[in-house]
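J.: I'd like to go over a predicted model; first the sequence, then the structure.
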Amino acid sequence: MAGPKGDERAWIRGAQAGNASDFEALFRAYWPSTYRAAYLVVHDAAAAEDIAQEAFLAAVRNLDRFDRRRPFGPWLHRIVVNRAIDWSRRRRLRGEVELHDAPVEQGDVGVGSDTVAAMQRLSPEHRAVIVLRHLLGYTPGQIAQLLDLPRGTVNSRLRRGLDELKEQL
Amino acid sequence: MRFDVPIPPGAAERAHRVAMAAFAERRPTPKRRSYWRPAIVIAVVAALAGILASPPGRSVIRSIREAVGVENAKQELFSLPAPGRLLVESPRGPWIVTADGSRRLLGDYREASWSPFGRFVAGARSNELVALDPEGGVRWTIARPGVRAPRWGGLHDDTRVAYLARDGLHVVAGDGTGDRLLAPGKQGPFAWRPGALAELLVAAPGGLRLEDTDSGRVLWHVATAPAQRIAWSADGGRVFVVTPRGLRVYDPTGRLVIRDAGPVRDATFVGAGHRIAVLRPDGAVVLLGATKPIFRAAGLRRVVSAPDGRRLLLTWPAADQWVFVRVAAPHTLDAVSGIARQFGGGRFPDVSGWVK
């Protein structure tokens, strides 16, 4: 995660002014958590890479409009989690794993953790709140703001999601 | 709760490259003029000078430059990073770009394409097919209503030009004689088979047809979804067809060799070989059958291979850049910005071909 708030504000200020090293500092600080959050929602390494990348591109496009007094992380994580949920819903609607005759990169992710494997069986909406709460450390109130949901909905999704995880583990 | 999510090798670097390239292309919104501006400017300059002067600062800047070729795009196309000559289609007409970067505007023509060995160029202008030499000299012309999409094929000692006119697909000999209507009403894609005098692969209703245009004999026919693009390998040993259902590769007898169901924005054979580089609609550039993208950026339009197969040229209208990417790892980049300006301004130019 990002360093002290003062650093982050300086990076945002610098990036808004066009300073590439400040933007790079933001990228280095946030890309890993952004990728992991996307992966835990979509469970597809290539899609997670795309989604994390698109989130940063969206951040670049909207950098001028960003209120630098606010923290960068929630803004970026909101983008990535919402995109990941959208992607998962679309995939569910298509009822697919897309078939390419040529192999598509999947990477080595998705193994080595029972929790991660169990997450795959939850709905994207449940995954998203668990990721925001337990990977990224947001409070239920913050998650409600990030996802534009009532706080009660967040709490119930967290509870149900965790219950399901416990059953599976 | 602990989440064990390893990050795939190279993923961060790929994202870093793309994000930094996008950042480099971003133009910060001009701020309102401020009373404090001069002081801020001085402070920023001092800070930047400090950063530049410090060893860590120099190291950071150097690492960014090394990692992000596109950020360091050259302002002018000083030279091509591979041998050969490019044919570029601009609003002012076709240009020939030589390896040393010199550019020549051939004139007010459109949809130009190289002859098989790069000795001539076929172009179209209102109701006229024109054969040009590389200096822009007109060798011959033929007037037909609605001429477009001329393609030149054949051998060293004899060639043919196929083109579309309002009444269908025509074929004319390489000296401008013997023009005839080959396929009335035909308007879809077609491509000459290299290494043969007159074998033309034509998108026909419901499929593809390889036809000897001199004898009229159909050599083979296969059923496919409607073809959007057809391209032969340089040796004529493979041909790929892009359809809404993906990309298919055939051998010269019409046998299906590869079927790729992934979406395709553009594709090219790499050099003189049979490998195919595909640009996906999401901006990933991949070698067919390989697992990792060579490059990825939103808004890429075309992928064109250098004749030696060592570099791919990616055209990037949104960034007004050309990106030359090395095919073999490490996929180093050379980028050139201001492409539209360098080819006469206006619409971003297209690349028609890169020949030896």
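T.: On my side now, so go ahead.

J.: Show the low-confidence segments of the stretch 1-150 of chain B, by residue range.
T.: Within the stretch 1-150 of chain B, the ranges that satisfy pLDDT under 70 run B:1-3, B:26-69.

J.: in it, which spans are helices?
T.: Counting by DSSP state H, counting those that start in this stretch, residue ranges of the helices within the stretch 1-150 of chain B are B:11-25, B:37-53, B:55-67.

J.: now swap in chain A and tell me
T.: A:5-16, A:20-42, A:45-61, A:72-94, A:114-119, A:124-130, A:140-147, A:151-168 (DSSP state H).

J.: Please identify which of those is closest to B:Arg302.
T.: helix A:45-61 (20.6 Å; C-beta to C-beta). From N, CA and C alone the C-beta is placed, and that goes for glycine too.

J.: which SS state does B:Val351 fall under?
T.: strand (DSSP: H, G, I helix; E, B strand; the rest coil).

J.: what sits against it?
T.: B:86-89, B:302, B:304, B:313, B:315 (C-beta atoms under 8 Å, 6 or more residues apart in numbering or on different chains).

J.: gap between the closest residue to it other than its chain neighbours and B:Ser233?
T.: Nearest non-adjacent residue to B:Val351, counting by C-beta to C-beta, 6 or more residues apart in numbering or on different chains: B:Val304, 4.9 Å away. Computed as C-beta to C-beta, to the nearest Å, the B:Val304 to B:Ser233 distance reads 14 Å.

J.: Thought B:Pro252 was touching B:Asp235, still the case?
T.: No - counting by C-beta atoms under 8 Å, B:Asp235 sits too far from B:Pro252 to count as a contact (9.6 Å).

J.: So these two - more neighbours on which side?
T.: Neighbour totals were compared for B:Asp235 and B:Pro252, and B:Pro252 leads with 20 against 14 (other C-beta atoms under 10 Å in any protein chain shown).

J.: what's the spacing between the more buried one and B:Arg209?
T.: 14 Å.

J.: B:Asp100 now?
T.: Taking C-beta to C-beta, one finds B:Asp100 at 42 Å from B:Arg209.

J.: any idea of the pLDDT on the residue nearest to B:Val351?
T.: At B:Val304, the pLDDT value in this model is 98.

J.: Run me through the strand neighbours of the helix or strand hosting it, direction for each.
T.: Under the criterion of DSSP states H and E, B:Val304 resides in strand B:302-305. Note on strand B:302-305: by DSSP bridges, its sheet partners are strand B:311-316 (antiparallel).

J.: Next, the angle from the strand it pairs with to helix B:11-25.
T.: Here strand B:311-316 points in a direction 50 degrees away from that of helix B:11-25 (axes from the mean of the first three to the mean of the last three C-alpha atoms, to 10 degrees).

J.: near chain A at all, whichever helix or strand comes after strand B:311-316?
T.: Following strand B:311-316 in sequence order, the next helix or strand is strand B:321-326 (DSSP H and E). No - with C-beta under 8 Å from any C-beta of the partner chain as the criterion, chain A is not reached by strand B:321-326; the gap is at least 15.6 Å.

J.: Briefly note if the very next helix or strand once past strand B:321-326 comes near chain A.
T.: For strand B:321-326, the succeeding helix or strand toward the C-terminus, using DSSP H and E, is strand B:333-337. No - if you take C-beta under 8 Å from any C-beta as the test, strand B:333-337 misses chain A, and the best it gets is 14.9 Å.

J.: next structured bit after strand B:333-337?
T.: Using DSSP H and E, the helix or strand that follows strand B:333-337 in sequence is helix B:339-342.

J.: picking up where we left off before, averaging pLDDT over each of the helices of chain A, which comes out lowest?
T.: Minimum mean pLDDT among these: helix A:114-119, a mean of 77.

J.: roughly how far out does that helix sit from the chain middle?
T.: Distance of helix A:114-119 from its chain centroid, counting by C-alpha atoms, centre = their mean, to the nearest Å, is 16 Å.
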